[in-house]
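Enquirer: predicted model and sequence follow; I will ask about them next.
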Amino acid sequence: MNGLPMNVPAPGLPARVRIHEVGARDGLQNEKTAVPTAVKAEFIHRLAAAGLTTIEATSFVHPKWVPQLADAEQLFPELGDLAGVHLPVLVPNERGLDRALALGATRIAVFGSATETFASRNLNRTVAESLAMFEPVVARAKEGGAHVRGYLSMCFGDPWEGPVPVHQVVRVAKALLDLGCDELSLGDTIGVATPGHVLALLGELGEAGVPTDRIGVHFHDTYGQALSNTLAALGHGVTTVDASAGGLGGCPYAKSATGNLATEDLVWMLDGLGIETGVDLTALTATSAWMAEQLGRPSPSRTVRALSHKE
């Protein structure tokens with residue numbers, strides 16, 4: 001066994017998938033102990049060296065809300081040597097956009113909600129008010145030539161509201177695109193989606209005129225469904241998948257566990273299916289093992305654990 005899966009393609013799947021790596025931002029943001037800026041910078045450089053070409057770097061949110069990412073101004077300039085790598089940053093409002101643009105960011109993300117309760121708790125606004133807040137952010141980013149991604153959380157279930165009606169998600173998704181977002185990331189924030197639900201949402205989005213090539217999927221593995229949901233989305237034609245190196249952000253040892261899909265687990269599946277990603281699984285696994293050492297605990301990624309034990 002050489003640490004790589006047997007390559008057996010399956011019909012009806014895309015030839016290539018773009019992995020939108022979120023470990024350095026979504027993965028680290030809930031860490032209670034401050035991760036040094038130099039460690040974050042090295043992590044991102046190692047991810048790029050492993051072949052990842054879209055690496056979400058940080059968030060320009062007020063440090064009061066996300067202390068772990070308070071070093072955005074210090075970190076982002078450390079990444080200027082990563083030629084050919086997209087480095088999206090999350091911005092919550094126009095002030096965050098100003099900070100990002102001042103450092104030369106060319107890929108911006110906003111974070112919306114498909115449900116009223118989460119919008120209220122996370123953004124302190126209604127869904128409509130949050131969209132109104134994003135409107136000038138997206139417009140100004142686009143005027144400046146930036147690519148804009150719209151994250152849409154709670155697309156499948158909400159801890160307060162329960163299952164989220166598909167038509168409700170479609171309505172907010174279309175509103176984000178109407179604001180000018182280039183791409184949507186559909187988030188299963190609490191990990192309750194199952195493949196049929198994924199196909200139903202993607203089908204209704206298509207009927208509503210949302211092109212599949214503008215959709216990314218962001219599944220959490222809370223109930224062990226992230227890879228099966230991803231495979232369902234790929235079969236529908238989706239080619240952008242969010243994942244977190246080493247499963248960061250979903251550590252079973254942390255109370256803040258959210259169950260992010262581990263990039264290594266995703267790459268193992270895609271490699272086995274003969275789907276191109278450009279990612280070197282061995283180098284990626286080594287990177288996540290190194291980051292786990294920096295955090296002082298094992299990686300929750302099954303693939304990282306399995307390959308590390310073979311050494």
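Expert: Nice, thanks for sending it over.
Enquirer: neighbours around Asn7, how many?
Expert: 10 (other CB atoms under 10 Å). All C-beta spots, glycine's among them, are computed from the backbone N, C-alpha and C.
Enquirer: other SSEs contacting the longest helix along the chain?
Expert: What stands out as the longest helix in the chain, according to DSSP state H, is helix 127-143. Counting by 3 or more CB pairs under 8 Å, 6 or more residues apart in numbering; DSSP states H and E, the packing neighbours recorded for helix 127-143 are helix 94-102, strand 107-113, strand 147-153, helix 166-179.
Enquirer: please identify the most buried of these.
Expert: Stretch with highest mean neighbour count among the helices and strands packed on helix 127-143: strand 107-113 (a mean of 24; mean count of other CB atoms under 10 Å).
Enquirer: which is the next helix or strand following that one?
Expert: Scanning forward in sequence from strand 107-113 by DSSP states H and E, the next helix or strand is helix 116-118.
Enquirer: buried stuff in that next one?
Expert: For helix 116-118, a neighbour-count test (16 or more other CB atoms under 10 Å) marks Glu116, Phe118 as buried.
Enquirer: got the angle between the longest helix of the chain and helix 94-102?
Expert: Helix 127-143 and helix 94-102 are oriented at 20 degrees to each other (axes from the mean of the first three to the mean of the last three CA atoms, to 10 degrees).
Enquirer: just the CA coordinates for helix 127-143, please, in PDB.
Expert: Extracted C-alpha coordinates of helix 127-143, given in PDB (Å, rounded to 0.1, in the frame of the first residue of the first chain):
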ATOM      1  CA  VAL A 127     -32.000  38.400   6.400                       C
ATOM      2  CA  ALA A 128     -33.200  41.400   4.500                       C
ATOM      3  CA  GLU A 129     -31.100  43.800   6.600                       C
ATOM      4  CA  SER A 130     -28.000  41.700   6.100                       C
ATOM      5  CA  LEU A 131     -28.500  41.700   2.300                       C
ATOM      6  CA  ALA A 132     -28.900  45.500   2.500                       C
ATOM      7  CA  MET A 133     -25.600  45.600   4.400                       C
ATOM      8  CA  PHE A 134     -23.900  43.500   1.800                       C
ATOM      9  CA  GLU A 135     -25.100  45.500  -1.200                       C
ATOM     10  CA  PRO A 136     -22.500  48.300  -1.000                       C
ATOM     11  CA  VAL A 137     -19.800  45.800   0.000                       C
ATOM     12  CA  VAL A 138     -20.300  43.700  -3.000                       C
ATOM     13  CA  ALA A 139     -20.800  46.700  -5.300                       C
ATOM     14  CA  ARG A 140     -17.600  48.400  -4.200                       C
ATOM     15  CA  ALA A 141     -15.600  45.200  -4.300                       C
ATOM     16  CA  LYS A 142     -16.800  44.500  -7.900                       C
ATOM     17  CA  GLU A 143     -16.000  48.100  -8.900                       C
END
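Enquirer: what sits up against it?
Expert: 91, 93-94, 96-97, 101, 108, 110, 112-116, 119, 123, 125, 148, 150, 172, 175-176, 179-181 (CB atoms under 8 Å, 6 or more residues apart in numbering).
Enquirer: how far away from the center of its chain is that helix?
Expert: 20 Å (CA atoms, centre = their mean, to the nearest Å).
Enquirer: kindly report the same for stretch 281-295.
Expert: Counting by CA atoms, centre = their mean, stretch 281-295 is centred 18 Å from the centre of its parent chain.
Enquirer: may I see the buried residues of that stretch?
Expert: Leu281, Leu284, Thr285, Ala286, Thr287, Ser288, Ala289, Met291, Ala292, Leu295.
Enquirer: spit out the contact partners of the last one.
Expert: Leu295 is in contact with Glu31, Thr33, Val35, counting by CB under 8 Å, 6+ apart.
Enquirer: just put these in JSON lines and tack on pLDDT, distance to Ala15 and secondary structure.
Expert: Output for the contacts of Leu295, formatted as JSON lines (pLDDT from 0 to 100; distance: CB to CB, whole Å; DSSP: H, G, I helix; E, B strand; the rest coil):
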{"residue": "Glu31", "pLDDT": "86", "distance to Ala15": "36", "secondary structure": "coil"}
{"residue": "Thr33", "pLDDT": "90", "distance to Ala15": "41", "secondary structure": "coil"}
{"residue": "Val35", "pLDDT": "97", "distance to Ala15": "36", "secondary structure": "coil"}
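Enquirer: let me know the closest of these to Gly237.
Expert: Glu31 (35.1 Å; CB to CB).
Enquirer: against Ala15, how distant is Gly235?
Expert: Distance of Gly235 to Ala15, given as CB to CB, to the nearest Å: 13 Å.
Enquirer: do the same with Arg25
Expert: Relative to Ala15, Arg25 is positioned 28 Å away (CB to CB).
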